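# After the sequence you'll find the predicted model.
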Protein chains: 2
Amino acid sequence: MREVAIIGVGETRFGEVWDKSFREIGIEAGLAAIENAGITGKEIDALYIGNMSAGKFIDQEHIAPLVADYVGLANANIPATRIEAADASGGLALSHAYMAVSSGVHDVVVVGGAEKMTDVGDVQAKEILAMSADQEWESVFGATFAGLHAMIARRHMHEYGTTREQLAMVAVKNHKHGALNPKAQFRREITLDMVLKAPMVASPLGIFDCAPLSDGSASLVLCPLKIAKKYSDNPIKIASCGQGGDYMALHDRRDICTMNATIIAARKALKYAKKAPKDIDVAEVHDSFTISEILAIEDLGFVKKGEGGKATEDGVTSLNSDISVNTSGGLKAHGQPVGAVGIAQAVEIVLQLRGEADKRQVKNAEVGLTHNVGGTGATAVVHIFEVV
Amino acid sequence: MREVAIIGVGETRFGEVWDKSFREIGIEAGLAAIENAGITGKEIDALYIGNMSAGKFIDQEHIAPLVADYVGLANANIPATRIEAADASGGLALSHAYMAVSSGVHDVVVVGGAEKMTDVGDVQAKEILAMSADQEWESVFGATFAGLHAMIARRHMHEYGTTREQLAMVAVKNHKHGALNPKAQFRREITLDMVLKAPMVASPLGIFDCAPLSDGSASLVLCPLKIAKKYSDNPIKIASCGQGGDYMALHDRRDICTMNATIIAARKALKYAKKAPKDIDVAEVHDSFTISEILAIEDLGFVKKGEGGKATEDGVTSLNSDISVNTSGGLKAHGQPVGAVGIAQAVEIVLQLRGEADKRQVKNAEVGLTHNVGGTGATAVVHIFEVV
């Protein structure tokens, strides 16, 4: 297998982008990445797209050739493939683009993620999000995505003494980071008091504990590391990828406070990259809800099981602390266009490892990690990135 | 890259399967393939699923881990990935499963395709099918999937003198083949007269020119050829795979009578497998409509451009003629559960190459081909299979 590098990144602003269509945000991020890589369309061999539910959100399936077409690649008849794994669609698209380059099937591959969630009403969007969980055993009985995570949060509080305040501190931290990210949906700091007094969504999770509905797209250009220097002065190596799965419904899992898919994905990725959790300088983890980040930092091995809340309170995961977690603002403040999340996470890590993260730059960042979860944890994908 | 073999196949009956859910048909085909391969769940490293629109058809996304869960693989936390490319979803899932094994990422991989189309009303199903075309430039103006193919048919008749009768003969042939396939949705022969007098759908295409709405699932087990004999007495080698793309909307293509995606996909697959079109003994091609099969046999190089109608009339593509096309009955008679089609095509070719196709067996079949199209041709995937 060949080593693979990222030579270009692009991203739209995340948020309620009502003046642009799905196609337009796809074009914007795709062209930005192509321009950033300094390549031409003719050099592109294949396109991968991560997207959760264009069918439900914009009444369009078959979106990989659609994006290829609108980015101007249809004339080259390149293979275009869409991958879907709920909110892990982007991460899984990246892992398949990575496999395509590392195996030698393709040389230069563009991989994007896109979702247009705010063209439907909020209730409908939440109904669609719940389709990432088990429809027949969870959604149909009224369990929303927030409701399922609320159960996880309650159990975590019960098992490990995690406090309501500690959950809230995840949101405060990520808003603080998001305020430093010009692409973030929410660029305003919030206080602990604001989170605690916010309207309840599903107890104990209030509105500030939940990542928003977002429109947005992000894109990367990959090529073999061997030829990366031809295009880029600062290629970032994809050191490894790991994917894990789990039962769809929470009731089938032995322990809802542990995401086995994350543990498996992280174990594979760390092993292949020959790294330990302590080697990671900067990580983008999947914080659809504040409790999700607490689970993530535990299951990724950054802190011990049950200590995620305490670690957050202690500031372990703040910018330029022990490990800088969600410097982009995370799903919470950067935004949550579901299919784009996994790619946007990689964009942030590339910017950090290149030293281009401006006010939110992690000092001496050399190794980064992304962690992308589908549904309540039936899919998890972990990638590790390195300065070359 | 390692050579890859198919060691197990499974398929449900195709049709209006109202007594079984999406999950149940997925389990049925998956377990049949696993049993056919003689492996246990513990030996499976990964799952790939081709599906077009579970979101719209059954209100469920994230279906790869769902199927993994229901087939009993969730406990092993295996990676499960869904690929979507409209009606080419199955073929594209196969090509990615093939890549995963050939590159050495995984050893034993199950790849399935599934679609449950008849749990929604016919009009809604047709609206969903049209999402494989360009929603903003075609579907939104009322162009149905049949309507777009009717335009292709009219143009083909105009350009090449293809007759209404020749179109109809595709349906007559495929129903004849389907009558010999116990898994087929339509197991009744039809006459030329029946096709010509059938109710019109979109002129010149009548009801018998259109593949049906179907429920169904099909599944394959793949492993490196090197270890295939351990499991199977008659492993079938996947000799190659090719994928091509094209503009989404018909109006952007230079010639709507030619599917460039098919030409590109076939060229790649034939080259890699070191075969010419004349080497193919049996082929499953994508006949969503009768005109589709005529385009397919031309663009795959079995006959010259413009001569597909005449070739069909001359019986060139009938069972045990020059090249046996759609011995399963094709999408027309075997059925069209969109996401399952590409896998079902491979199942048929494996049965043919194993000599297990019973009454529809092609004599001395040694090389087979599958051709799976997404939408009106924005995606095409071709696989070539060989007796070892």
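Yes, it's here. Residues are numbered from 1 along each chain as shown, chains lettered A, B, ... in the order given.
# gap between the residue lying closest to residue A:74 once chain neighbours are set aside and residue A:44?
Once flanking residues are discounted, residue A:74 sits nearest to residue B:247: 4.3 Å by Cβ to Cβ, 6 or more residues apart in numbering or on different chains. C-betas here are computed from N, CA, C, even on glycine. Going from residue B:247 to residue A:44 by Cβ to Cβ, to the nearest Å gives 16 Å.
# What segments of the stretch 251-388 of chain A are helices?
With DSSP state H, counting those that start in this stretch, the ranges of helices along the stretch 251-388 of chain A come out as A:260-273, A:290-299, A:308-313, A:330-333, A:341-354.
# Check the stretch 51-200 of chain A too.
A:54-58, A:63-71, A:89-102, A:122-129, A:145-160, A:164-178, A:192-197.
# do you know which of these lies nearest residue B:332?
Closest of the helices of the stretch 51-200 of chain A to residue B:332 is helix A:63-71, at 24.2 Å (criterion: Cβ to Cβ).
# Just the CA coordinates for stretch A:217-231, please, in CSV.
Extracted C-alpha coordinates of stretch A:217-231, given in CSV (Å, rounded to 0.1, in the frame of the first residue of the first chain):
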residue,chain,number,x,y,z
SER,A,217,-19.6,21.4,2.4
ALA,A,218,-15.9,20.5,2.8
SER,A,219,-13.5,19.0,0.4
LEU,A,220,-10.0,17.5,0.2
VAL,A,221,-7.6,16.5,-2.5
LEU,A,222,-5.6,13.3,-2.0
CYS,A,223,-2.6,11.9,-3.9
PRO,A,224,0.3,9.5,-3.3
LEU,A,225,2.7,11.0,-0.8
LYS,A,226,5.5,10.3,-3.2
ILE,A,227,4.3,12.8,-5.7
ALA,A,228,2.7,15.2,-3.2
LYS,A,229,5.6,17.6,-3.1
LYS,A,230,5.1,18.2,-6.8
TYR,A,231,1.8,20.0,-5.9
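# And the pLDDT for the residue sitting furthest away from the middle of chain A?
In chain A, the residue that sits farthest from the middle, by Cα atoms, centre = their mean, is residue A:75; the gap is 31.0 Å. pLDDT for residue A:75: 91.
# Equivalent analysis for the one 4 residues further on, please.
As summarised for this prediction, residue A:79 has a pLDDT of 98.
# ok, now the one 5 residues further on?
What the model reports as pLDDT for residue A:84 is 98.
# Just give the closest residue to it, not the sequence neighbours.
Sequence neighbours aside, residue B:82 is the residue nearest to residue A:84 in space, at 4.7 Å (criterion: Cβ to Cβ, 6+ apart).
# what is that neighbour paired to in the beta sheet?
residue A:84, residue B:49 (DSSP bridges).
# Isn't it up against residue A:85?
Yes: at 6.4 Å, residue B:82 counts as touching residue A:85 under the criterion of Cβ atoms under 8 Å.
# Between these two, point out the one with more neighbours.
residue A:85 (35 against 29; other Cβ atoms under 10 Å in any protein chain shown).
# what's near enough to touch that one?
A:50, A:52, A:91-92, A:374, A:379, A:381, B:62, B:64-65, B:80-82 (Cβ atoms under 8 Å, 6 or more residues apart in numbering or on different chains).
# As CSV, those with distance to residue B:225 would be great.
What follows is the contacts of residue A:85, written out as CSV (distance: Cβ to Cβ, whole Å):
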residue, distance to residue B:225
A:50, 31
A:52, 36
A:91, 31
A:92, 27
A:374, 32
A:379, 30
A:381, 29
B:62, 32
B:64, 25
B:65, 29
B:80, 24
B:81, 22
B:82, 26
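# and of those, the nearest to residue B:172?
Closest to residue B:172 out of those is residue B:82 (36.0 Å), distances taken as Cβ to Cβ.
# Below-threshold pLDDT in the stretch 251-388 of chain A: ranges please.
Judged against pLDDT under 70, the stretch 251-388 of chain A has no low-scoring part.
# Not counting its neighbours along the chain, what's nearest the residue in it that chain B sits nearest to?
The minimum distance from the stretch 251-388 of chain A to chain B, using Cβ to the nearest Cβ, falls at residue A:378 (3.7 Å). Closest residue in space to residue A:378, ignoring its immediate chain neighbours: residue B:65 at 3.7 Å, by Cβ to Cβ, 6+ apart.
# Quick one: residues contacting that neighbour.
With Cβ under 8 Å, 6+ apart, residue B:65 has these contacts: A:85, A:245-246, A:248, A:374-375, A:378-379, B:74, B:80.
# Model confidence for it, exactly?
At residue B:65, pLDDT is 98.
# I'd guessed residue A:56 sits against residue B:54; true?
No: checked against Cβ under 8 Å, the pair residue A:56 and residue B:54 is beyond contact range at 10.2 Å.
# Can you name the residues of the stretch 201-350 of chain A that neighbour chain B?
Of all the residues in the stretch 201-350 of chain A, those in contact range of chain B (Cβ under 8 Å from any Cβ of the partner chain) are A:243-249, A:252, A:260-261, A:264.
# returning to that earlier point: go through the helices of the stretch 251-388 of chain A and pick out the most buried.
helix A:330-333 (a mean of 32; mean count of other Cβ atoms under 10 Å in any protein chain shown).
# what's next to that helix, contact-wise?
Residues from elsewhere that reach helix A:330-333 (Cβ under 8 Å, 6+ apart): A:170-171, A:174-175, A:177-179, A:181, A:184-187, A:210-211, A:284-288, A:290, A:292-293, A:326, A:341.
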